[in-house]
Each structure stands twice: as C-alpha cells, then as structure tokens.
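K.L.:
kindly generate the corresponding structure for this input.
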Amino acid sequence: MSATTNEEKPARSVDTRLFIAWAVSVIATLGSLYLSEIKQFLPCDLCWFQRIFMYPLTILLGIAYFKDDVGIAKYVLPLSFIGGGISLYHVTIQRIFSATGNAVACGKVPCYTDYLNWFGFITIPLLALIAFIIIIVMLWGIGKTLRKD
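P.N.:
Residues are numbered from 1 along each chain as shown. This next block holds a predicted model:
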C-alpha cells in the first residue's frame, strides 16, 4: 500500500501544480477583461503585450490540466518568461516615470498610468508580474518533480 501512495504522491503534486498555474492564468485573464470591459480602463500597449502572453496560457494550461499533460511546461514556460519580462519592464517604467514625473507614452494611454494602486505599490502590471511568476514557479516544479522519479 505504501508503494501505491508513493507513486500517487508525485502525480497528485503535479496535478495540483498544473491546476494552480491554470487557475492563476484564468484569474489574470478574467481580471484583465474585467478591468478593461467592465471598469472601462484603457490598456496601454505594454498591457496588450502582457495579455498576448497570458491569454493563451489559460487555454494551454486548461487543456494540459484536464489531459494530465505535464509536457506542456516546455511550451508554456517560454510564454511565461517573456510575459513576465514585459511585466517587469512595465513595472519599472511605471515606478520610474511615476517617481520622476517624466511623461512617456507607449500608445494612446501612457504606460505609467496608475488605474489601480492598492497600498501605494500594487498596480496592474505588478499583478501581472506576480501571476507570471506563480505560473513559472508551478511549472518549474513540475519538471523537478518528474526528474526525481
């Protein structure tokens, strides 16, 4: 009985990690749609690029979770790293230009616009960065769990 439990434990861990990554991508996607479609916040160009990398993750991770496809990590990790890099760049721009007052626009809406500012530091690009980091951590763990077996 203990052999079965040991075999099931990594599978359950991988399943949970895939679910968490998928849930985070769904929440991020629905959150961005809520902010733009319901709250009528116009996204800047960098926000659009972040969406371009987040939205497919919802579909890919959803399919991977329901099919138990752990091989998806090698396809999703590059999207997450690129999207996270764009988010990090956006957070940096937002913090630097908010602090210095220099106006730089990356489209109709300036990239330093602060529609949402919780506790003085949590902004939309920071939430996107956190989502990408969680997805990366969850998928990175899948590869490490599988290599141990």
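
K.L.:
tell me if I'm right that Leu35 and Ile124 touch.
P.N.:
Yes. Contact criterion CB atoms under 8 Å: Leu35 and Ile124 qualify, at 6.7 Å. The way it works is simple: take the backbone N, C-alpha and C, and place the C-beta from them, glycine included.

K.L.:
just want to know which of these two has more residues nearby.
P.N.:
Ile124 (24 against 18; other CB atoms under 10 Å).

K.L.:
beyond the lowest-mean-pLDDT helix or strand in the chain, next helix or strand please.
P.N.:
Every helix and strand in the chain was compared by mean pLDDT, DSSP states H and E; the lowest is helix 2-33, with a mean of 75. Counting by DSSP states H and E, the next helix or strand C-terminal to helix 2-33 is helix 45-67.

K.L.:
give the buried residues for the next helix or strand along the chain from that next one.
P.N.:
Sequence order places helix 73-100 as the next helix or strand after helix 45-67, per DSSP H and E. Residues of helix 73-100 classed as buried: 73, 76-77, 79-80, 83-84, 86-91, 93-94, 97 (neighbour count, 16 or more other CB atoms under 10 Å).

K.L.:
what is the burial count for Ile142?
P.N.:
Quick note: Ile142 (other CB under 10 Å) scores 23 neighbours.

K.L.:
which parts of the strand or helix carrying it are buried?
P.N.:
Assigned by DSSP H and E, Ile142 belongs to helix 124-148. Applying a neighbour-count criterion of 16+ other CB under 10 Å, one finds 124-132, 134-136, 138-139, 141-142, 145 buried in helix 124-148.

K.L.:
do the same with stretch 31-46
P.N.:
For stretch 31-46, by 16+ other CB under 10 Å, it's Gly31, Ser32, Leu35, Ser36, Phe41, Pro43, Cys44, Leu46.
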